[in-house]
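*Asks:* Let's see this in three dimensions:
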Amino acid sequence: MRPFHLAFPVNDLIETELFYVNVLGCSIGRRTKRSINFNFHGHQIVAHLVTSMPDQTDNGRVDGKTVPPFHFGLVMEYTQWHSFRDELVLKEIEFRLKPHIRYPGKVGEQATMFLTDPSGNAIEFKSFKDDDRLFATLEGEEHTAGGGVL
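*Replies:* Residues are numbered from 1 along each chain as shown. You can find the predicted model right below:
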């Protein structure tokens, strides 16, 4: 699989660098006065300095929990997710949505947690015991696009 690229807005490059390097363990690639490239577990994410952040207060509901509709993240190996969760707890990081198991006992069962970066961007870290379940649908669900059933 090829690495993905994601660009996202931030309002402070120094705080952003400290968070992504010291909390999430990213390394830094290229940087300019207005952006920083991070190695996000083999993927390229780029923080772009903006004069004002977009409104990120709208929240959706997933499995009874409030989940920000705009977020990005990483699907981790199951034991890696648990080790990372333990590291974050030891660092006393505040979770936007505490680590928990979503859809327990169902096809889409997953471990998940959300963090918020210093600019308010939501980041999800999730894991499946069985990676083949990443794109599995929940029983009885229909997914549509353009009016057709997928």
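*Asks:* Below-threshold pLDDT in this structure: ranges please.
*Replies:* Applying pLDDT under 70 to the chain flags residues 57-58, 138-150.
*Asks:* again, only this time at 90
*Replies:* Along the chain, segments meeting pLDDT under 90 span 1-3, 52-70, 102-109, 129-150.
*Asks:* Longest helix in it, please.
*Replies:* helix 78-90 (DSSP state H).
*Asks:* how distant is whatever helix or strand comes next after that one from the center of its chain?
*Replies:* Following helix 78-90 in sequence order, the next helix or strand is strand 97-102 (DSSP states H and E). Its chain's average C-alpha position is 13 Å from that of strand 97-102, according to CA atoms, centre = their mean, to the nearest Å.
*Asks:* now swap in stretch 8-15 and tell me
*Replies:* Counting by CA atoms, centre = their mean, stretch 8-15 comes out at 16 Å from the chain centroid.
*Asks:* Can you mark which positions in that stretch are buried?
*Replies:* Burial within stretch 8-15, assessed by neighbour count using 16 or more other CB atoms under 10 Å, is assigned to 8-10, 13. Every residue, glycine included, has its C-beta placed from N, CA and C.
*Asks:* Straight-line length of it, end to end?
*Replies:* Distance across stretch 8-15, first residue to last, is 14 Å (CA to CA, to the nearest Å).
*Asks:* With stretch 40-54 instead?
*Replies:* 23 Å.
*Asks:* And it, what's buried?
*Replies:* So for stretch 40-54, counting by 16+ other CB under 10 Å, buried means 40-41, 43, 45-47, 49.
*Asks:* Turn the residues you listed into a markdown table, including secondary structure.
*Replies:* As requested, those are exported to a markdown table (DSSP: H, G, I helix; E, B strand; the rest coil):
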| residue | secondary structure |
| --- | --- |
| Phe40 | strand |
| His41 | coil |
| His43 | strand |
| Ile45 | strand |
| Val46 | strand |
| Ala47 | strand |
| Leu49 | strand |
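*Asks:* Please identify which pair of the residues you listed lies farthest apart.
*Replies:* Across the buried residues of stretch 40-54, no pair lies farther apart than His41 and Leu49, at 23.1 Å, counting by CB to CB.
*Asks:* chain center to stretch 45-65, what's the gap?
*Replies:* The chain centre lies 11 Å from the centre of stretch 45-65; the measure is CA atoms, centre = their mean.
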